[in-house]
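[1] Would you be able to build a 3D model of this:
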Amino acid sequence: MSATESSIDIARVAAQAASGKLANDIVAIDVSERLAITDVFLIASASNERQVNAIVDGIEEELAKKNLKPVRREGRSEGRWVLLDYANVVVHVQHEEDRVFYALERLWKDCPAIDLQIENAEAAAPAAPAVPDAE
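    I've put the predicted structure just below:
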C-alpha cells in the first residue's frame, strides 16, 4: 500500500507553501508501508529560527484554506524543529543544523520519495555540488 492521493495532495500544497516562504531542500517521503499512523513525511529546512516559524505559518495558512488544521503541533516556541501533524501527513520544518544532525531522510531512506511538483524546483532539490572542470 502506498500513500493515498489525498495525502500526496496535502503534502504538495504544504510543500508549495514552504517553497513560497523560502524553505530549503523540501522532500516528501512515503512512509505508509512502514508506519500505520501516517502516509507521508514532508521535510523542509531553514537557516534560522525566524524562518522556520515563517515556513510553518505559511504551511498552516495554505492548508487552512482547504479546511485542514493540524491535530498536533510541537516545537513552535523553540523554532528549531516544528512538527505539524495533519494525521496522514506529518510536516517537519527544521533548522538546517538540526536537519543535518537528526537526518530524517537517512532514517527513512528505504521509503520512496514523492514527486512534489513544486513550481520553484530550486527549493525542492538540494544544490548540486560544484564540480571542477577537468582539464
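[2] mind listing what the residue positioned nearest the centre of the chain touches?
    To find the centre residue of the chain, average its C-alpha atoms and take the closest one (C-alpha atoms, centre = their mean): that gives I43, at 2.5 Å. By C-beta atoms under 8 Å, 6 or more residues apart in numbering, the residues touching I43 are D25, I26, V27, A28, I29, V91, H92, Q94, R99, L104, E105. The way it works is simple: take the backbone N, C-alpha and C, and place the C-beta from them, glycine included.
[3] Among those residues, which ones are in helices?
    Judged by DSSP state H, the subset of these located in helices is R99, L104, E105.
[4] what lines up beside the strand or helix carrying the residue nearest to the centre of the chain in the sheet?
    In this structure, I43 sits in strand 40-46 according to DSSP states H and E. The sheet places strand 40-46 alongside strand 24-30 (antiparallel), strand 89-95 (parallel), with pairing taken from DSSP bridges.
[5] from the ones you listed, which stretch is densest packed?
    When neighbours are counted by mean count of other C-beta atoms under 10 Å, the highest per-stretch mean among the strands paired with strand 40-46 falls to strand 89-95, a mean of 25.
[6] how far does that strand sit from the chain's center?
    Relative to its parent chain, strand 89-95 has a centroid offset of 5 Å by C-alpha atoms, centre = their mean, to the nearest Å.
[7] Then stretch 66-84?
    The chain centre lies 12 Å from the centre of stretch 66-84; the measure is C-alpha atoms, centre = their mean.
[8] distance between the ends of that stretch?
    Criterion C-alpha to C-alpha, to the nearest Å; first-to-last residue distance in stretch 66-84 is 15 Å.
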